[in-house]
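**Student:** return a 3D structure for these sequence lines:
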Amino acid sequence: MVNTQYELLDEAMDHGYPQLTDPTVLKSLITQKGWLSELGELGDLLGKKKKEEPASNATLQVTGAVSWRREGIKHKKNMLFLDLVEQVNVLVGSNGTVLRSDVVGKILIKSLLSDMPELRLGLNDAAEDATFHQYRCQENIQLPFKVLPVVTDIGRTRMECNITVKSTFSSKLAAGSVVILVPVPENTSKAAILVTIGKAKYDATKKALVWKVRSFPGEAEHSLRAEVTLLATTRTEKKPWTRPPVTMQFQVPMFNASGLRVAYLQINERKLGSAYKVEKWVRKLVKSGPMGNGQTRLEQKLELGFSAVELGFSAVELGFSAVEHKLSAVEHKIDLVQQEVHVLNEQLGKLEARMEARFDKVEAQSTARFDKLVDKLDAYTATLNQIKGFSITVGSAI
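**Tutor:** This next block holds a predicted model:
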């Protein structure tokens, strides 16, 4: 198995770049034998023994003008099958109004033609965003079904569901594999169901009423009526039950929803001779799109976008919460600083009062001492004057 993978990569890649990706060509270039070949005759019985072709044919196929088809192919009977397969994605409101709709289609061709005939395929101009082997259409869509759901609450423990389905295609056609899912609340205990066609039951694992119809005729109207019993809940509901959309799966052969049709399918038989005859088969099929949860891809993308936006808002809210928390912390710190400033102001006021009292005391003491010094100085001056007068008197007496 590993050797086969290595050989596939070796043939498909060249210097690290993809060069050959056609499955048919790669299949002819692979030389590794499968596990059936190791079983001998038993392997031939289990699987069809394929005749090995020379490697030169594979080389010519790759290097030829048409790399996906080798030359020298021969069929006993020349046949060409063309399948026009469409997938309808629809979102319908509770009142029957189409909210969103689109058709994604593919054109599949299976060729059982000999040699290298020239084919020409013609389509009417009804496709949008057309690419190789697929197309898309969003306007003028003919929906194969119309679904009208009516849900009525009867008290807190019962609800009534009425689903009406009407087919819009021709009465000569019939839709197969029709499955309709009607969501119900999680606390559903049982359901009494009555349908006009097919079978229906309550599926507890899917939390839905499953209505299956093997063959739904065209231009017909059928309905489902169910009385759903709910379990009484004692706890307080956080939020009311939101009703998901009704999902419908179907397949309608030989019906076309987009309006795209094959105008012509021509095969140039003149170059191959008058004996070259071809049987051409064109089939049409419309089926429900990949709506596993009852949503179109557009709705899923929108919901993903909304989820991303909600996550963005949540992140913004978390950011705002963090900012508010930081602001609260800053405000708390500011309050603490203001309290400290108030305490410092009180201490500063007390210190100023003490300084003023001490200054007044020092000033009073200084003034008293100064006055004493002045008095002493006056006394010294008087004594000095007396001494001077005594000296003068003594001198005169001498």
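**Student:** how's this protein carved up into domains?
**Tutor:** The record's domain split for the chain, according to automatic domain parsing, is 2-63, 74-142+256-295, 153-245, 316-398.
**Student:** need those domains in a markdown table with mean pLDDT, can you?
**Tutor:** Output for the domains of the chain, formatted as a markdown table (pLDDT from 0 to 100):
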| stretch | mean pLDDT |
| --- | --- |
| domain 2-63 | 64 |
| domain 74-142+256-295 | 80 |
| domain 153-245 | 90 |
| domain 316-398 | 82 |
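**Student:** with mean neighbour count added, can I get those domains in CSV?
**Tutor:** Using the backbone N, CA and C atoms, a C-beta is placed for each residue, glycine as well. Below are these laid out as CSV (neighbours: other Cβ atoms under 10 Å):
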stretch, mean neighbour count
domain 2-63, 12
domain 74-142+256-295, 15
domain 153-245, 15
domain 316-398, 10
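**Student:** show me where the stretch 151-300 of the chain has its helices.
**Tutor:** 297-397 (DSSP state H, counting those that start in this stretch).
**Student:** beta partners for Ala175?
**Tutor:** Bridge pairing for Ala175 (DSSP bridges) gives the partners Phe216.
**Student:** go ahead and confirm it touches Val252.
**Tutor:** Yes: the criterion here is Cβ atoms under 8 Å, and Ala175 meets it with Val252 at 4.5 Å.
**Student:** find residues that contact each of the two.
**Tutor:** Counting by Cβ atoms under 8 Å, 6 or more residues apart in numbering, the residues touching both Ala175 and Val252 are Pro144, Phe169.
**Student:** ok, Ser170 to Trp281 distance?
**Tutor:** Using Cβ to Cβ, to the nearest Å, we find Ser170 at a distance of 20 Å from Trp281.
**Student:** I'd say Met248 and Ser288 touch.
**Tutor:** Yes: counting by Cβ under 8 Å, Ser288 is a contact partner of Met248 at 6.2 Å.
**Student:** overlap in contacts, those two.
**Tutor:** Both Met248 and Ser288 lack any common contact, where contact means Cβ under 8 Å, 6+ apart.
**Student:** for the closest residue to Ile109 other than its chain neighbours, helix, strand, or coil?
**Tutor:** Distance criterion Cβ to Cβ, 6 or more residues apart in numbering; nearest residue to Ile109, sequence neighbours excluded, is Leu82 at 5.3 Å. Put simply, Leu82 is strand when judged by DSSP: H, G, I helix; E, B strand; the rest coil.
**Student:** any idea what Leu82 is bridged to?
**Tutor:** Ile109, Val282.
**Student:** one more: Glu118?
**Tutor:** Asn268.
**Student:** quick one: it from Lys206, how far?
**Tutor:** 51 Å.
**Student:** same thing with Asn124?
**Tutor:** Noted for Asn124: a distance of 41 Å to Lys206, by Cβ to Cβ.
**Student:** do the same with Phe359
**Tutor:** Going from Phe359 to Lys206 by Cβ to Cβ gives 93 Å.
**Student:** next: Leu26.
**Tutor:** 41 Å.
**Student:** also Tyr264?
**Tutor:** Where Lys206 is concerned, Tyr264 sits at a distance of 46 Å (Cβ to Cβ).
**Student:** show me what contacts Met159?
**Tutor:** Here Met159 is in contact with Val151, Thr152, Asp153, Val184, Pro185, Glu227, Val228, Leu230 (Cβ under 8 Å, 6+ apart).
**Student:** cool, and Asn256?
**Tutor:** Counting by Cβ under 8 Å, 6+ apart, Asn256 makes contact with Leu84, Glu86, Gln142, Lys284, Val286.
**Student:** can you map out the strands along the stretch 151-300 of the chain?
**Tutor:** Ranges of strands in the stretch 151-300 of the chain, per DSSP state E, counting those that start in this stretch, are 158-167, 174-183, 188-195, 199-203, 208-217, 221-230, 247-253, 262-268, 279-288.
**Student:** the shortest one vs strand 221-230, what angle?
**Tutor:** Translated: strand 199-203. 30 degrees (axes from the mean of the first three to the mean of the last three Cα atoms, to 10 degrees).
**Student:** name the residues that touch strand 199-203?
**Tutor:** Against strand 199-203 from outside (Cβ under 8 Å, 6+ apart): 184, 188, 190-191, 193, 208-212, 224, 226, 228.
**Student:** the second one now?
**Tutor:** Residues lying outside strand 174-183 but in contact with it, judged by Cβ under 8 Å, 6+ apart, are 144-145, 147, 149, 161, 163, 165, 167, 169, 198, 206-218, 224, 226, 243-253, 294.
**Student:** for it, output the C-alpha coordinates as PDB.
**Tutor:** In PDB, the C-alpha atoms belonging to strand 174-183 read as follows (Å, rounded to 0.1, in the frame of the first residue of the first chain):
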ATOM      1  CA  ALA A 174     -42.800  11.200  -8.200                       C
ATOM      2  CA  ALA A 175     -40.300  12.100  -5.500                       C
ATOM      3  CA  GLY A 176     -38.500   9.300  -3.700                       C
ATOM      4  CA  SER A 177     -36.600   9.000  -0.400                       C
ATOM      5  CA  VAL A 178     -38.600  11.800   1.200                       C
ATOM      6  CA  VAL A 179     -37.700  12.400   4.800                       C
ATOM      7  CA  ILE A 180     -39.100  15.300   6.800                       C
ATOM      8  CA  LEU A 181     -37.800  16.100  10.300                       C
ATOM      9  CA  VAL A 182     -40.000  18.200  12.600                       C
ATOM     10  CA  PRO A 183     -38.000  19.300  15.700                       C
END
